[in-house]
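# structure of the sequence below:
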Amino acid sequence: MAESTWDETIVLDAKHLSGFTGGDPEFECSILDIFVDNAPGYLDTLFLEQNEEWKMSAHKLKGAARSIGAWKLARAAERAEKRAQPPAGSSEREKLRTTLYGRLEELIAVIKQHQSKLCAKSL
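Numbers count the residues shown, from 1 in each chain. Alright, predicted model coming up:
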């Protein structure tokens, strides 16, 4: 399967997100809340020392990111999904962990900014 063409420079694609939610700001805020609540758990599961479902865990993270237009995180999760699970304690695994957690942290900050503007308008 070929790699996606999602623009990895985009942390959160507001236009995609609005299309996904039908332009409903309250629904958009709810979807983002769900993402922020669940995505860290997907990453925590992915990096369990013995994750027998590495590809499935990465796939869940990719799907969640893709649904809201979080292309930067989705691309990194896609790469994790396509590779073999790096051995626990390896530098390769730590590099991947740092990349994914860093991208999630950046995304959550952008989501919070987006929500502060969007959710205030919907009141």
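# give the contact list for the closest residue to Arg103 other than its chain neighbours.
Leaving aside its sequence neighbours, Arg103 sits nearest to Leu73 (C-beta to C-beta, 6 or more residues apart in numbering; 4.5 Å). (Glycine included, C-beta is placed from N, CA and C.) Counting by C-beta atoms under 8 Å, 6 or more residues apart in numbering, Leu73 makes contact with 11, 39, 61, 65, 100, 103-104, 107.
# could I get the buried residue list for the helix or strand where Glu81 lies?
Per DSSP states H and E: Glu81 is located in helix 71-82. For helix 71-82, burial by neighbour count (16 or more other C-beta atoms under 10 Å) applies to 71-81.
# the helix or strand following that helix packs against which elements?
Per DSSP H and E, the first helix or strand lying C-terminal to helix 71-82 is helix 91-121. If contacts are counted by 3 or more C-beta pairs under 8 Å, 6 or more residues apart in numbering; DSSP states H and E, helix 91-121 sits against helix 25-46, helix 71-82.
# gap between the residue positioned nearest the centre of the chain and Arg103?
When C-alpha atoms, centre = their mean is applied to the chain, the residue found nearest the centroid is Ala65 (3.5 Å). From Ala65 over to Arg103 the distance is 9 Å, taken as C-beta to C-beta, to the nearest Å.
# then Ser4?
Distance of Ser4 to Arg103, computed by C-beta to C-beta: 15 Å.
# those two: which is more packed in?
Arg103 (21 against 14; other C-beta atoms under 10 Å).
# the more buried one is in contact with Ala76, isn't it?
Yes. Using C-beta atoms under 8 Å, Arg103 is in contact with Ala76, at 5.4 Å.
# for the helix or strand the residue nearest to the centre of the chain falls within, packing partners?
For Ala65, the host element (DSSP H and E) is helix 54-68. Where contact means 3+ C-beta pairs under 8 Å, 6+ apart, helix 54-68 is packed against helix 14-20, helix 25-46, helix 71-82.
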